[in-house]
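# return a 3D structure for these sequence lines:
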Amino acid sequence: MKQSCFHVCPLELITDILPRLPVKPLLRFRCVSKSWFAEIDGLDFVKSHVRRPIEITTNHHLILSEADVADVYNRTYYPPTRMFSANIDKGLGQPLKALSNPLKSMKRVTEILGSCNALLLLRNKGQDLVLWNPFTRRHKTIPTEPIDTYTALENRGSPKYGFGYDSIHNDYKVVRVIECFSKDSGCTVAYEIKVYSLTMNSWRRVQDFPCPKAYILDQPGRLACGASHWLMYLYDTYADDIIAFDFGKEEFQMLPLASFTEVFDHNCLAVLQGCLCVYSVLATIQVTLYLMKPYGVKNEDWTKVLTFMQDAIPRDFFEYVRPLMYSKSGDKLLFEETFQRFLWYDLEDKKGFEIEIGNKPPAFVIEVCLESLVMLGENDSFDGHNESNSDDESNCDDESNGDDESHD
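Have a look, this model is predicted:
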């Protein structure tokens, strides 16, 4: 009988090859034997599988959530919410892959609140929350948590969420910020901050908000350097600033927004190659991008990356652009434009061009997501059949594994 690769190849070689593989074959290889199952599901293996594509900037995907073009600006969405993915390594001209939305069966609209490694935080209008790995097609429902801070004298704002990884305790966490506004003055009078731990599968209240005379602008939290970041409006100075929540320390800190952004109509936060950045728009004709590198608390840490005018892109005007990521060669920058288009901006030629994708939805909300094997622990659920692909990955459990040897 011909020997299998499992018996011929040294274990050291196998353990070196496996972390280089994408998720789909790894899910199948879990069924080879109990030892392969234990190796691939092991914490050290999962960490190395996450770390490798970060170091060599591969296996990044764009995850799109379908939205209504009239309401993306107000962050309201209409069902049915279809989900799609695009593999950056294969090029953006390819048709998008349809995904199985784990919240679609609830018949409510679905919003992407953030991403960290391979996990996405999803919410629907009924405030149902799930953590979802679209590559393993596993998801976990986050338990509902009541809001404690609310009185008859206050109006409650919509929850603000942040999602990230606590490297100190090896835990994925969600932070929820509730703002209460005075009915008389309209100013913020109270905050409630709670954190969900995936390891503990529970919520708990943490420190109060450090800046009471302010409110968080209605933008998603942007994850960089182990913290979620929001733009915040200060009542005293009538200016924007940045508030950050550190997932390891479970503390807030203030990051001053560079003073040069004050001349622009509005500012937004984004993340490029793990670094926090601010992009500022002036009169829908000019965009300027600043990068905080190294990460710190000084204005001097902000570096101007580029400025481009409206005539650099093939559109009559733009209301909104958001930088997503650099190309592999580093000579182009990918932008999302007005929740409807993708643009490559050539950093050398200083020109942009639109990317045509045939099955792209008319409007969408997008997140950059890393393909990896991040697990969700106990009591997670399988999404079922992928909407665009009947070639399902194998999902093995302990009972389905054979003996501790490979199959011929």
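
# mean confidence score for stretch 101-117?
Mean pLDDT, computed over stretch 101-117, is 82.

# you'd agree P102 is up against F382?
No: in this structure, P102 is not within contact of F382 by Cβ atoms under 8 Å, at 9.4 Å. C-beta: built from backbone N, CA, C; applies to glycine.

# and those two? Which one has more around it.
A direct count of neighbours by other Cβ atoms under 10 Å for P102 and F382 places P102 higher, at 25 against 13.

# torsion angles phi and psi at K350?
Dihedral angles of K350 (phi, psi; degrees, to the nearest 10) stand at phi 60, psi 40.

# how far away is it from D331?
12 Å (Cβ to Cβ, to the nearest Å).

# same question, P210
41 Å.

# neighbours around H266, how many?
For H266, using other Cβ under 10 Å, the count is 13.

# my guess is it contacts V278. True?
No: shown here, H266 and V278 do not form a contact pair, counting by Cβ under 8 Å, at 10.7 Å.

# and the longest strand seen in the chain, which strands flank it?
With secondary structure taken from DSSP state E, the chain has its longest strand at strand 171-182. Using DSSP bridges, strand 171-182 pairs in its sheet with strand 154-156 (antiparallel), strand 160-166 (antiparallel), strand 188-197 (antiparallel).

# so which of those is the most surrounded?
For these, the largest average neighbour count (mean count of other Cβ atoms under 10 Å) is found in strand 160-166, namely a mean of 23.

# average pLDDT for that strand?
What strand 160-166 shows for mean pLDDT is 95.

# got it, and stretch 216-224?
86.

# and for stretch 352-369?
Per-residue scores along stretch 352-369 average to 85.

# any idea how far apart the tips of it sit?
23 Å (Cα to Cα, to the nearest Å).

# next, the buried residues of it.
Residues of stretch 352-369 classed as buried: 352, 357, 360-361, 363-369 (neighbour count, 16 or more other Cβ atoms under 10 Å).

# and that stretch, how far out from the chain's middle?
16 Å (Cα atoms, centre = their mean, to the nearest Å).

# please name the bridge partners of the residue nearest the centre of the chain.
Among the residues of the chain, the one closest to the centroid is S115, at 2.0 Å (Cα atoms, centre = their mean). For S115, the beta-bridge partners under DSSP bridges are L120.

# do the same with F335
Here F335, judged by DSSP bridges, has bridge partners P323, L343.

# list the contacts for it?
Neighbouring residues of F335 by Cβ atoms under 8 Å, 6 or more residues apart in numbering: 321-324, 342-345, 352.

# hmm, which helix or strand of this protein has the shakiest average pLDDT?
helix 5-8 (a mean of 56; mean pLDDT, DSSP states H and E).

# after it, which helix or strand is next?
Going down the chain from helix 5-8, the next helix or strand is helix 11-17, by DSSP states H and E.

# next one: stretch 100-110 to chain centre, how far?
Distance, centroid of stretch 100-110 to centroid of chain: 18 Å (Cα atoms, centre = their mean).

# please apply the same query to stretch 163-171.
Distance, centroid of stretch 163-171 to centroid of chain: 14 Å (Cα atoms, centre = their mean).

# what's the first-to-last distance across it?
End-to-end span of stretch 163-171 (Cα to Cα): 11 Å.

# equivalent analysis for stretch 10-21, please.
18 Å.

# stretch 373-383 now?
Span of stretch 373-383 from end to end, Cα to Cα: 15 Å.

# let me see the confidence value for L333.
Confidence for L333, expressed as pLDDT, is 91.

# all helices of the chain, in order?
Ranges of helices in the chain, per DSSP state H, are 5-8, 11-17, 23-29, 34-41, 43-56.

# turn the ones you listed into JSON lines, including distance to Y172 and mean neighbour count.
Converted to JSON lines, these look like this (distance: least, Cβ to Cβ, whole Å; neighbours: other Cβ atoms under 10 Å):
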{"stretch": "helix 5-8", "distance to Y172": "32", "mean neighbour count": "11"}
{"stretch": "helix 11-17", "distance to Y172": "25", "mean neighbour count": "12"}
{"stretch": "helix 23-29", "distance to Y172": "17", "mean neighbour count": "18"}
{"stretch": "helix 34-41", "distance to Y172": "17", "mean neighbour count": "18"}
{"stretch": "helix 43-56", "distance to Y172": "11", "mean neighbour count": "15"}
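
# quick one: contacts for the residue nearest to the centre of the chain?
S115 neighbours (Cβ under 8 Å, 6+ apart): 63, 121, 163, 223, 367-370.

# from what I can see P134 touches N87, true?
No: under the criterion of Cβ under 8 Å, P134 is not in contact with N87, lying 11.7 Å apart.

# which one of these two has more residues nearby?
P134 (27 against 17).

# nearest spatial neighbour of the more buried one, skipping sequence neighbours?
Nearest residue to P134, sequence neighbours excluded (Cβ to Cβ, 6 or more residues apart in numbering): L99, at 5.3 Å.

# that neighbour against F84, yeah?
Yes: counting by Cβ under 8 Å, L99 sits close enough to F84 to count as a contact (6.3 Å).

# ok so, going back, name the nearest of the contacts of S115 relative to D41.
Nearest to D41, judged by Cβ to Cβ, of the contacts of S115 is L370 at 18.5 Å.

# quick one: that closest one and N117 touch, right?
Yes: using Cβ under 8 Å, L370 is in contact with N117, at 5.1 Å.

# what touches both of those two?
Contacts common to L370 and N117, judged by Cβ under 8 Å, 6+ apart, are V50.

# who has more neighbours out of those two?
N117 (23 against 20).

# and the gap between the more buried one and V109?
25 Å.

# do the same with G352
G352 is 31 Å from V109, by Cβ to Cβ.

# intersection of neighbour lists for P134 and N87?
Common contact partners of P134 and N87 (Cβ under 8 Å, 6+ apart): H61.
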